[in-house]
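Engineer: Just a sequence and a predicted model for now, questions to come.
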Amino acid sequence: MRVVRAVVGTVGELAITAGVLLLLFVVWELGVVGFTTNRAQAATVDTLERQFAQPTPTTPSTPSTSSPTDTPTASPTTSAAVPVPPPGDAFAILRIPRLGASWAKPVYQGVGLDVLAKGIGHYPDTQLPGQVGNAAFAGHRAGHGNPLIDIDTIRPGDAIVVETADTYVIYRADRSEIVPPTDVNVLAPVPDQPGVAPTEAWLTLTSCEPKYGSTNRFIVFAKLDRSVPRAEGLPADVLAAPGGNG
Amino acid sequence: MYAALWRLFPGGRLAKTLQALLLFAVVVAILFIWVFPAVAPHLPFEDVTIEPTTGATS
């Protein structure tokens, strides 16, 4: 009888230990990692903003004081002059007013776990922001600061802004869907229509679904609204928090 | 298991309690600094990308 009691007692203690371990893991992932990640990402966004504010040495054109506003603002850029950022480099800032008026995340080139731990990742095989075709991004839903935890609240028409060194690329959310993790068609130049030649600029955002699982992927598609040169500044109404949930 | 640990600590009830708390803090520190960061990449909710094949972590 005493042996049975000892065994049952030990099993019980092990079960409690396992429970405490899991609880500690949640505290670590959502608390400690979330806190440090959000701080680091805010710092990266600040650094990027400072970099963007200075005239880039790679662009030959002088700051807008001398040149007239001859930059096309309405049409998506097709130029091949845009340099592809090196893997692992932060090259843009993603802003989604629906997720918060001050919601801003650094965008890195690549979608490896090491990259996604730092911010939003850009699928290297997809177009760059603003180009004709599809610029696809991935971000964590839960964990690592929960960047896209509320991706499911994005509604058609919501602004999705990609801020690069010289341009504010403003997309408008078109639709969202839930797909299996292997559905590469969402990354196609025309989303969901593989093989079709693109004439418009799209953006695809991928994260996991359900919120704390990964059996599926939550996808948001957005279409280019307009590109605004940095010199002109971002129109204030774009970042205004969208009202309601409609 | 924990009862044996309790008996192992020297001193009175206060000393034992302090030692237990200290040991817990050390365990938590080891978990937070080394164990959890090593385990996290293998957990399912880390997968957010679209991959042509299943099971590929990225």
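Structural biologist: Happy to help now that I have it.
Engineer: What count of nearby residues applies to A:Asp225?
Structural biologist: A:Asp225 is flanked by 17 other residues according to other C-beta atoms under 10 Å in any protein chain shown. Using the backbone N, CA and C atoms, a C-beta is placed for each residue, glycine as well.
Engineer: name the element it belongs to?
Structural biologist: If you go by DSSP states H and E, A:Asp225 is part of strand A:216-229.
Engineer: Dump that strand to CSV, restricted to CA.
Structural biologist: The C-alpha coordinates for strand A:216-229 follow below in CSV (Å, rounded to 0.1, in the frame of the first residue of the first chain):
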residue,chain,number,x,y,z
ASN,A,216,-3.4,26.3,-41.9
ARG,A,217,-2.3,29.7,-43.1
PHE,A,218,-4.2,33.0,-42.9
ILE,A,219,-3.7,35.0,-46.0
VAL,A,220,-4.5,38.6,-46.7
PHE,A,221,-4.4,40.0,-50.3
ALA,A,222,-4.1,43.7,-51.0
LYS,A,223,-3.9,45.6,-54.2
LEU,A,224,-1.8,48.7,-54.9
ASP,A,225,-3.7,51.9,-54.3
ARG,A,226,-0.9,54.3,-55.1
SER,A,227,2.8,55.0,-54.5
VAL,A,228,3.8,58.3,-52.9
PRO,A,229,7.4,59.5,-53.1
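Engineer: Say whether chain B is contacted by that strand.
Structural biologist: Yes - applying C-beta under 8 Å from any C-beta of the partner chain, one finds strand A:216-229 in contact with chain B at A:Arg217.
Engineer: what lines up beside that strand in the sheet?
Structural biologist: strand A:167-179 (antiparallel), strand A:201-209 (antiparallel) (DSSP bridges).
Engineer: pLDDT of the shortest one, averaged?
Structural biologist: The reference is to strand A:201-209. Across strand A:201-209, the average pLDDT comes to 94.
Engineer: how far does that strand sit from the chain's center?
Structural biologist: The chain centre lies 8 Å from the centre of strand A:201-209; the measure is C-alpha atoms, centre = their mean, to the nearest Å.
Engineer: Ok, stretch A:140-158 next?
Structural biologist: Per C-alpha atoms, centre = their mean, the centroid offset for stretch A:140-158 relative to its chain is 9 Å.
Engineer: Would you tell me what the next helix or strand after the longest helix seen in chain B is?
Structural biologist: Counting by DSSP state H, the longest helix found in chain B is helix B:13-30. As assigned by DSSP H and E, the chain's next helix or strand after helix B:13-30 is helix B:36-39.
Engineer: where does chain A dip in pLDDT?
Structural biologist: A:55-82, A:241, A:243-246 (pLDDT under 70).
Engineer: Give me the distance between the residue of it at minimum distance from chain B and B:Thr49.
Structural biologist: Using C-beta to the nearest C-beta, the single residue of chain A nearest to chain B is A:Ser214, 4.1 Å away. A:Ser214 sits 10 Å away from B:Thr49, going by C-beta to C-beta, to the nearest Å.
Engineer: So for the two, which sits in the more crowded spot?
Structural biologist: More crowded of A:Ser214 and B:Thr49, by other C-beta under 10 Å: B:Thr49, with 25 against 19.
Engineer: would that one count as being in a strand?
Structural biologist: No - according to DSSP: H, G, I helix; E, B strand; the rest coil, the state of B:Thr49 is coil, so it is not within a strand.
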